[in-house]
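**Q** Predicted model and sequence below, questions to follow.
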Amino acid sequence: MSLYIILMGVQGAGKGEQAKFIRDRYGIPHVSTGDLFRAMKTREDDLAKRVQQIMASGNLVDDATTNEVVKDRLSQPDARGGVIFDGYPRTPNQAAWLESYLAERGEKINAVILLDLDLYTAFKRAFGRVSTAAGSTYNIYFNADGLQEFKFEDHPEKQFPPRLVAVEQGTGERLVRRPDDASADAILKRIDTFVATTQPLIDYFDAKNLVKRVNADQSIEAVSTAIQQVIGV
């Protein structure tokens with residue numbers, strides 16, 4: 001049975017971790033439109049060149065072209081059993097196209113999984129996130145036990161906002177933040193964008209009884225278990 005899952009959630013809701021869980025548990029690829037557009041930079045076919053031109057001009061990729069990119073990805077062998085959509089669809093028009101395209105193939109969207117997280121917690125999860133070079137992640141607000149120390153340090157000439165300095169316990173490694181996590185303003189803008197663009201999609205899929213809300217304010221394992229119950233396979 002093919003499995004088509006749309007995974008939605010504000011930054012910090014744990015989409016990355018849960019996409020990995022679904023991928024490994026059900027053997028279907030994680031399809032992110034951001035990754036697809038970046039991959040187009042290395043291709044020379046007509047579709048890729050069209051996407052390259054749009055991106056080079058600074059414009060957003062339109063719905064029709066985005067749908068073509070997704071159709072191209074779904075035609076690949078590893079997607080025959082379904083996919084996890086992340087960042088797609090972004091508009092009700094894209095959602096309607098996807099439903100129609102899957103119906104032509106005798107398939108359907110099985111579930112729209114919304115990782116539900118209050119926006120204050122989402123902000124803290126992003127702003128407090130630090131990681132090692134190997135990818136181990138901590139959070140000064142929720143998961144600081146593995147940290148030897150952490151503090152906000154002022155720039156000597158006060159030219160920049162205070163930076164977060166954190167050191168891992170045991171190794172003494174100085175941890176780093178993603179550049180877009182270091183700016184509170186950037187995080188708030190991402191949250192605002194999520195709210196503005198996602199609510200129309202939630203309304204669209206709610207009307208079709210496809211949205212399944214999962215409480216993301218719990219352990220990774222508990223969220224994974226809830227997702228497995230939603231999928232029901």
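**A** Happy to help now that I have it.
**Q** Which parts of this structure are helices?
**A** 15-26, 33-39, 46-56, 63-74, 92-104, 119-127, 184-206, 220-231 (DSSP state H).
**Q** Could you provide the ones you listed in JSON lines, with additional columns for mean pLDDT and distance to Glu157?
**A** Bear in mind the C-beta positions are built from the backbone N, C-alpha and C, glycine included. Shown next, in JSON lines, are those (pLDDT from 0 to 100; distance: least, Cβ to Cβ, whole Å):
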{"stretch": "helix 15-26", "mean pLDDT": "94", "distance to Glu157": "37"}
{"stretch": "helix 33-39", "mean pLDDT": "86", "distance to Glu157": "36"}
{"stretch": "helix 46-56", "mean pLDDT": "87", "distance to Glu157": "37"}
{"stretch": "helix 63-74", "mean pLDDT": "92", "distance to Glu157": "45"}
{"stretch": "helix 92-104", "mean pLDDT": "95", "distance to Glu157": "47"}
{"stretch": "helix 119-127", "mean pLDDT": "94", "distance to Glu157": "24"}
{"stretch": "helix 184-206", "mean pLDDT": "92", "distance to Glu157": "21"}
{"stretch": "helix 220-231", "mean pLDDT": "95", "distance to Glu157": "41"}
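**Q** Just send those helices back as CSV, with mean neighbour count and distance to Asn110 too.
**A** Below are those laid out as CSV (neighbours: other Cβ atoms under 10 Å; distance: least, Cβ to Cβ, whole Å):
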stretch, mean neighbour count, distance to Asn110
helix 15-26, 17, 10
helix 33-39, 15, 19
helix 46-56, 14, 27
helix 63-74, 18, 15
helix 92-104, 16, 10
helix 119-127, 18, 26
helix 184-206, 14, 12
helix 220-231, 15, 7
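**Q** I'd like a version of the ones you listed in JSON lines, one that adds distance to Leu175 as further columns.
**A** Shown next, in JSON lines, are the helices of the chain (distance: least, Cβ to Cβ, whole Å):
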{"stretch": "helix 15-26", "distance to Leu175": "18"}
{"stretch": "helix 33-39", "distance to Leu175": "25"}
{"stretch": "helix 46-56", "distance to Leu175": "32"}
{"stretch": "helix 63-74", "distance to Leu175": "34"}
{"stretch": "helix 92-104", "distance to Leu175": "38"}
{"stretch": "helix 119-127", "distance to Leu175": "14"}
{"stretch": "helix 184-206", "distance to Leu175": "18"}
{"stretch": "helix 220-231", "distance to Leu175": "20"}
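**Q** Quick one, which of these gets closest to Ala166.
**A** helix 119-127 (12.5 Å; Cβ to Cβ).
**Q** Who are the packing partners of that closest one?
**A** Applying 3 or more Cβ pairs under 8 Å, 6 or more residues apart in numbering; DSSP states H and E, one finds that helix 119-127 contacts helix 184-206.
**Q** what inclination does the helix it packs on have with respect to helix 92-104?
**A** Put simply, helix 184-206 runs at 50 degrees to helix 92-104, going by axes from the mean of the first three to the mean of the last three Cα atoms, to 10 degrees.
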